[in-house]
Each structure stands twice: as structure tokens, then as C-alpha cells.
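Colleague: Got a sequence here, can you build the structure:
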Amino acid sequence: MEHFTRSSSAVKVLIIDDETQIRKFLDIALRAQGYKTLLAETGQQGLETLALHGADLVILDLFIPKIEGEVP
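Modeller: Presented below is the predicted three-dimensional model:
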């Protein structure tokens, strides 16, 4: 299995999930593997975080309240 790596810095993963325990679990697990994590509780926060900080990968809860399936 190949791992995606960048020579200049850690891969940045944005986690968007309304469940606190899921966000914490993913945050701890990914940081332990050397990833930089960004966390968002709502879809709106996730969009703002992505716009401000960017991300190499987004883990998104598909049934997040208020923004589920919406296209701005």
C-alpha cells in the first residue's frame, strides 16, 4: 500500500463531523500517524476552514445537520 506524502510538510486532513467522539477519535488516530488535522463541527465551519486553511483530504459526515446534500 502506498502512502501519500509531501516532502515539505505533513498532509493536512479536515474532519467535518457533528459527533464530538468521532472527531476526537479521528483526530487522535490521524495525528498519531503524522497527519495534521483540522476539525469542524458543522458543514458551515467545514467550508470556512477549508477556504481559510485548505486541506489535502476531507473526511465528511454525509448526514451533517443543516448542510446535508446542499450545494451553495
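
Colleague: what's the burial count for residue 34?
Modeller: The number of residues packed around residue 34, counting by other CB atoms under 10 Å, is 10. No exception for glycine: its C-beta is placed from N, CA and C like everyone else's.

Colleague: now the one 4 residues further on
Modeller: Residue 38 sits with 19 neighbouring residues when counted by other CB under 10 Å.

Colleague: Does it belong to a helix, a strand or coil?
Modeller: Under the three-state scheme (DSSP: H, G, I helix; E, B strand; the rest coil), the conformation of residue 38 reads as strand.

Colleague: Please apply the same query to residue 14.
Modeller: Taking three-state DSSP as the rule, one finds residue 14 in the strand state.

Colleague: Low-confidence regions, the protein specifically.
Modeller: 1-8, 67-72 (pLDDT under 70).

Colleague: Just the CA trace of the longest helix seen in it, in PDB.
Modeller: Determined from DSSP state H, the single longest helix within the chain is helix 20-32. Only the C-alpha atoms of helix 20-32 are listed here, as PDB (Å, rounded to 0.1, in the frame of the first residue of the first chain):
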ATOM      1  CA  THR A  20     -17.600  15.000  19.200                       C
ATOM      2  CA  GLN A  21     -16.400  11.500  19.900                       C
ATOM      3  CA  ILE A  22     -15.900  10.700  16.200                       C
ATOM      4  CA  ARG A  23     -14.000  13.900  15.700                       C
ATOM      5  CA  LYS A  24     -11.800  13.200  18.700                       C
ATOM      6  CA  PHE A  25     -11.100   9.600  17.600                       C
ATOM      7  CA  LEU A  26     -10.200  10.500  14.100                       C
ATOM      8  CA  ASP A  27      -8.100  13.400  15.300                       C
ATOM      9  CA  ILE A  28      -6.000  11.300  17.700                       C
ATOM     10  CA  ALA A  29      -5.700   8.400  15.200                       C
ATOM     11  CA  LEU A  30      -4.600  10.600  12.300                       C
ATOM     12  CA  ARG A  31      -2.200  12.800  14.400                       C
ATOM     13  CA  ALA A  32      -0.600   9.600  15.700                       C
END
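
Colleague: Fine by me, we can end here.
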